[in-house]
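S.K.: For reference, the sequence and a predicted model appear below.
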Amino acid sequence: MSERWNVIATTIVERLKEQHQTVSAAESCTGGLLCAALTGVPGASDAFPGGTVAYSSEVKRRMGVLEANLRDDAVNADCAKNLADLTAEAHGTTFAIGITGVAGPGGGKPGIPVGTVYIGWHTPEGTLTRHFCFSGTREEVRAQAVSAALEELLRLLPPAA
């Protein structure tokens, strides 16, 4: 884990605990790195009850992702939104993150190149999604996706008391 992830994840966990809120995650292309960043914080279980690595479309389907959102190998904003909303419901959390994309080195195709990532953030006010085009190795794309997910979650949380 990067030191930056550690600082951001610690801040997130502390703020969630302070506000009696929680977060969960459903990850595809990041393969559990986001969950690992959050659970790397001592005492994280008070703010992070769990997450899911939904790497295949079949697992996403079993989670309840809508068939229409599995188009383009599930690399789209609707799938990220669906993942975030479903994991919030499944884990009973205030916030949730859904990540889907193509980390590479293969798997890209016209219109969805390697490095394409969609992230959804479920919040009490609604769910938002963002599209990213990362570059680098498989590990770098995955790390950039986790950084983006954590940084935006931190921005979305209510300010510290």
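M.R.: Right, received. Where do you want to start?
S.K.: Next up, phi/psi of Leu16, please.
M.R.: Leu16 adopts backbone torsions of phi -60, psi -50, taken as degrees, to the nearest 10.
S.K.: How about the secondary structure of Gly98?
M.R.: strand (DSSP: H, G, I helix; E, B strand; the rest coil).
S.K.: One more: the one 5 residues further on?
M.R.: Three states are possible here, and by three-state DSSP the one that applies to Ala103 is coil.
S.K.: Tell me how many other residues surround it.
M.R.: Ala103 sits with 26 neighbouring residues when counted by other Cβ atoms under 10 Å. Where you see a C-beta, it was placed from the backbone N, CA and C, and this is true even at glycine.
S.K.: One more: Val7?
M.R.: Counted with other Cβ under 10 Å, Val7 comes out at 12.
S.K.: continuing past the helix or strand hosting it, what's the next helix or strand?
M.R.: Assessed by DSSP states H and E, Val7 sits inside helix 3-18. Counting by DSSP H and E, the next helix or strand C-terminal to helix 3-18 is strand 23-27.
S.K.: what does that next one rub up against?
M.R.: Applying Cβ atoms under 8 Å, 6 or more residues apart in numbering, the external contacts of strand 23-27 come out as 12, 16, 33-35, 38, 47-54, 63, 83-84, 86-88, 90-91, 93-99, 149, 153.
S.K.: Sort out for me which of those are in helices.
M.R.: Residues of the contacts of strand 23-27 located in helices (DSSP state H): 12, 16, 33-35, 38, 63, 83-84, 86-88, 90-91, 149, 153.
S.K.: Just the buried ones from the residues you listed?
M.R.: Neighbour counting by 16 or more other Cβ atoms under 10 Å classes 12, 16, 33-35, 38, 63, 83-84, 86-88, 90-91, 149, 153 among the ones in helices among the contacts of strand 23-27 as buried.
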